[in-house]
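Trainee: Take a look and give me a structure for this.
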Amino acid sequence: MDDTKIVDLYWARSEDAISETAAKYGGYCRTIALHILADAGEAEECVNDTYMNAWNSMPEHRPSRLAPYLGKLTRWLSLNRLREKNSLKRGGGELPAVLDELAETLDSGLDAQRELEIKELKLALRRLLDKLGKSERDVFLARYWYAASLSEIAEKSGFTESKVKSMLHRTRKKLLQELKEEGLC
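Mentor: Have a look, this model is predicted:
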């Protein structure tokens, strides 16, 4: 079913909206949640929470593109669940590795949450993503937005794991350079 029709179902408060969303985007949302949580049961709960959040937010917000909207909800819910689940300890999944890789980009001793304004960092990331080629951008987003493993990225992109690591390393260096040039790091 077309995304516009699915959103219309949400606005009409039809329960079919959830079943159509699950049919079209269930796997997509489940993949995001599973990469972050590394637990199928927890991921499934997050996907269900995504549908509920979409249901509750649609009357006030009409997303122009449903996939990114659902992906953002799923990612946000999964990260919150991971924080609750692990409190201060670090758990499984790809997220700890992803965060460690990005942490290397910032000067040691800097607390990104205190030193960088989220808005400025988002803008710097957007500018960097706009400058990247499609392959680099896709690999970067797969790793740092969707928390995909290196082997998954390699399989989907057709690159070797070594090539993916190299691309990510170069892109992180570019990000560091951008942050330094803008005085954010």
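
Trainee: for this protein, which residue is closest to the average position?
Mentor: residue 145 (3.0 Å; Cα atoms, centre = their mean).

Trainee: tell me the contacts of residue 160?
Mentor: residue 154 (Cβ atoms under 8 Å, 6 or more residues apart in numbering). Quick note: C-beta positions are derived from backbone N, CA and C, even for glycine.

Trainee: Now stretch 64-83: average pLDDT?
Mentor: Across stretch 64-83, pLDDT averages out at 88.

Trainee: is it true that residue 25 touches residue 69?
Mentor: No - using Cβ atoms under 8 Å, residue 25 is not in contact with residue 69, being 9.7 Å away.

Trainee: Please, which helix or strand holds the closest residue to the residue nearest to the centre of the chain other than its chain neighbours?
Mentor: Once flanking residues are discounted, residue 145 sits nearest to residue 75: 7.3 Å by Cβ to Cβ, 6 or more residues apart in numbering. Counting by DSSP states H and E, the element that carries residue 75 is helix 66-86.

Trainee: Buried residues, that helix. List them.
Mentor: Neighbour counts over helix 66-86 (16 or more other Cβ atoms under 10 Å) mark 66, 69, 70, 71, 73, 74, 75, 77, 78, 79, 81, 82 as buried.

Trainee: and the residues you listed as TSV, adding distance to residue 153?
Mentor: Shown next, in TSV, are the buried residues of helix 66-86 (distance: Cβ to Cβ, whole Å):
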residue	distance to residue 153
66	24
69	23
70	21
71	16
73	23
74	19
75	17
77	23
78	18
79	20
81	23
82	20
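
Trainee: tell me which of the residues you listed is nearest to residue 178?
Mentor: Residue 178 lies nearest to residue 75 out of the buried residues of helix 66-86, by Cβ to Cβ, at 22.7 Å.

Trainee: Distance check, that closest one against residue 130.
Mentor: 21 Å (Cβ to Cβ, to the nearest Å).

Trainee: repeat for residue 175
Mentor: For residue 175 relative to residue 130 (Cβ to Cβ), the value is 13 Å.

Trainee: Looking only at neighbour counts, state which of those two leads.
Mentor: residue 175 (22 against 8; other Cβ atoms under 10 Å).

Trainee: Hmm, that one is touching residue 125, no?
Mentor: Yes - using Cβ under 8 Å, residue 175 is in contact with residue 125, at 7.3 Å.

Trainee: How about the contacts made by residue 33?
Mentor: Contacts of residue 33 by Cβ under 8 Å, 6+ apart are 42, 43, 44, 46, 47, 50, 74, 77, 78.
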